[in-house]
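*Asks:* using only what follows, build the 3D model:
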Amino acid sequence: MLEVGQAAPDFEARDQDGNTVKLSDFKGKKVVLYFYPKDDTPGCTAQACSLRDNYDALLAKGFVVLGVSVDDEKKHRKFIDKYNLPFPLLADTEKDIVEKYGVWQEKSMYGRKYMGTLRYTFVVDEEGRISEIITKVDTKKHADQLLK
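*Replies:* I've put the predicted structure just below:
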């Protein structure tokens, strides 16, 4: 598991419009890198909308927001359009990023075990180091957790 103070693993992925995004592109900025299980599900929608509704405050604090899930670009585009999300969502269909960040793990629901993405958020500082890891994300108040 990654820890605060470590260098954030760099990655390259496509956003909802097919543009290539690298974490290293944001050196010198603070990045909110949030991992979520699936587009357009209740918890993931609440989390994305919390970030959307507080986006100006996050920008004012110098944050760049990047969402990551294993959904594809097309699903991300639909999710962004449906909820008017102002930040990019990265398609990690090969599970490269979720594995680098240790958030692709076995989960269980109703006794059934399956692999899925943990809802974790990593805050990466201007130097590219992890400055905070939020493992208990409050989906409805996620922006508050970042702005505190």
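*Asks:* helix or strand with the lowest mean pLDDT in the protein?
*Replies:* Sorted by mean pLDDT, DSSP states H and E, the helices and strands of the chain end with strand 104-109, the least confident at a mean of 90.
*Asks:* report the buried residues of it.
*Replies:* For strand 104-109, the neighbour count (16 or more other C-beta atoms under 10 Å) marks W104 as buried. Yep, even glycine has a C-beta here, placed from its N, CA and C like the rest.
*Asks:* so who does the closest residue to K100 other than its chain neighbours touch?
*Replies:* Excluding its sequence neighbours, the residue lying closest to K100 (C-beta to C-beta, 6 or more residues apart in numbering) is P9, at 4.2 Å. Contacts for P9 (C-beta atoms under 8 Å, 6 or more residues apart in numbering) come out as L2, L23, I97, K100, Y101.
*Asks:* hmm, the last one is touching E3, no?
*Replies:* No. Taking contacts as C-beta atoms under 8 Å, Y101 lies outside contact range of E3: 11.7 Å.
*Asks:* quick one: which of the two has more around it?
*Replies:* More crowded of Y101 and E3, by other C-beta atoms under 10 Å: Y101, with 23 against 7.
*Asks:* okay, the more buried one: pLDDT?
*Replies:* Each residue has a pLDDT score; the one for Y101 is 98.
*Asks:* tell me where this structure has helices.
*Replies:* 42-53, 55-60, 73-83, 96-100, 142-147 (DSSP state H).
*Asks:* tabulate these (TSV), appending mean neighbour count and distance to G128.
*Replies:* Below are those laid out as TSV (neighbours: other C-beta atoms under 10 Å; distance: least, C-beta to C-beta, whole Å):
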stretch	mean neighbour count	distance to G128
helix 42-53	18	21
helix 55-60	14	19
helix 73-83	17	24
helix 96-100	18	14
helix 142-147	18	18
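*Asks:* give me the most central residue, this protein.
*Replies:* Y34 (2.0 Å; C-alpha atoms, centre = their mean).
*Asks:* quick one: contacts for the nearest residue in space to that one that is not next to it in sequence?
*Replies:* Among residues not flanking Y34 along the chain, T121 sits closest, at 4.3 Å (C-beta to C-beta, 6+ apart). Counting by C-beta under 8 Å, 6+ apart, T121 touches V32, L33, Y34, F35, E132, I133, I134, V137, H142, Q145, L146.
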